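Peer 1: Quick one: sequence and predicted model below, then my questions.
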Amino acid sequence: MQISPSILSADFANLQSELEAISNADWAHVDVMDNHFVPNLTLGLPVVEALLEVSPVPVDCHLMIEDPDRWAPGYAEAGAQSVTFHVEAARDPVATARAIRAAGARAAFAVKPGTPFDPYEELLAEVDMVLVMTVEPGFGGQSFMADQMPKVRRVREAVRRRGGEIWVQVDGGVSADTIEQCAEAGADVFVAGSAVYGKDSAAAAVDDLRALAERHRH
Ligand SMILES: O=C(CO)[C@@H](O)[C@H](O)COP(=O)(O)O
Ligand SMILES: [Co+2]
């Protein structure tokens, strides 16, 4: 059970200290948005490169961008330890996942709330993780979509059938109130932005979330 705090809810003027505040987390989740795939703009490769220099934990890049076929491998080459692209944006998801892995990172694909998982089941052969979005991508602090839990279950079942170790990540509205249903449905990597950086102690929030998830270890 791994916690990946999203720095989207951190203080962007002090990202180094915000990363140091979550050194007990498993990952640092970095949301890359291009104002085309989603209606918001955050940061890109030069900032990710700078974060990689100072992050005490591996970096989990969530690319909400058009044309990940072109851009995603660069994040892996820069040293990001996990790179997730959206299937809705990829022209050739197999080639993109292979390029990410060839550059030494874990590869993952993400599905938006309206995107079914089943058509992409065969893509499991190419990835290390599947991200099931539990909000519409674009912004932190939105309400958790419990109606995505059946999809989390389907992904977990498909991963079980396949064997091997593929992680199932959830992202959006994950908090102390919602993390247990995600874990129970089969998630094992939990992104949380406002539920970590919105608290007085980000580190304590990470530990609390992990303890709740651990109640449903599978
Ligand atoms: O990818 C995204 C949003 O598109 C997320 O990573 C959010 O940043 C999570 O924030 P919270 O919903 O946990 O506040
Ligand atoms: Co994200």
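Peer 2: Sure thing, it's come through. Numbering: from 1, shown residues only. Ligands and ions are numbered 1, 2, ... in the order given.

Peer 1: For stretch 7-16, which residues meet the burial criterion?
Peer 2: 7-10, 15 (16 or more other C-beta atoms under 10 Å). Just so you know, the C-beta spots here come from the backbone N, C-alpha and C atoms, and that holds for glycine as well.

Peer 1: Narrow those residues to those in helices?
Peer 2: The helices, defined by DSSP state H, take in residue 15 from those.

Peer 1: okay, among the buried residues of stretch 7-16, which ones form the most distant pair?
Peer 2: The largest separation in the buried residues of stretch 7-16, counting by C-beta to C-beta, is between 9 and 15 at 11.8 Å.

Peer 1: Could I get the average pLDDT for the one helix or strand residue 53 maps to?
Peer 2: With elements taken from DSSP states H and E, the one containing residue 53 is helix 45-54. The average pLDDT for helix 45-54 rounds to 98.

Peer 1: same for it, what does it pack against?
Peer 2: In terms of contacts (3 or more C-beta pairs under 8 Å, 6 or more residues apart in numbering; DSSP states H and E), helix 45-54 is packed against helix 15-20, strand 28-33, strand 59-64, helix 68-77.

Peer 1: which residues does residue 31 bridge with?
Peer 2: Under the criterion DSSP bridges, residue 31 forms beta bridges with residue 62.

Peer 1: what about residue 52, distance to residue 25?
Peer 2: Using C-beta to C-beta, to the nearest Å, we find residue 52 at a distance of 15 Å from residue 25.

Peer 1: Could you list the contact residues of this structure toward ligand 1?
Peer 2: By C-beta under 6 Å from any ligand atom, the residues of the chain that approach ligand 1 are 6, 8-9, 29, 31, 62, 135, 137-142, 171-174, 191-195.

Peer 1: Neighbour count: residue 52 and residue 25, which is higher?
Peer 2: Of the pair residue 52 and residue 25, residue 25 is the one with more neighbours under other C-beta atoms under 10 Å, namely 26 against 18.

Peer 1: Secondary structure element holding the more buried one?
Peer 2: Counting by DSSP H and E, residue 25 is found in no helix or strand.

Peer 1: Test my guess that it contacts residue 206.
Peer 2: Yes. Applying C-beta atoms under 8 Å as the test, residue 25 and residue 206 come out as touching, 4.8 Å apart.

Peer 1: which residues do those two both contact?
Peer 2: 3, 5, 196 (C-beta atoms under 8 Å, 6 or more residues apart in numbering).

Peer 1: And the pLDDT at the residue nearest to residue 45 when sequence neighbours are not counted?
Peer 2: The shortest distance from residue 45 to any non-neighbouring residue, by C-beta to C-beta, 6 or more residues apart in numbering, is to residue 74 (5.7 Å). Listed pLDDT for residue 74 reads 98.

Peer 1: Distance check, residue 74 against ligand 2.
Peer 2: Applying C-beta to the ion, to the nearest Å, the value for residue 74 to ligand 2 is 18 Å.

Peer 1: let's have the chain start at 626 instead
Peer 2: Noted, 626 is the first residue going forward, which turns the last one into residue 699.

Peer 1: That's all I had, so thanks and see you.
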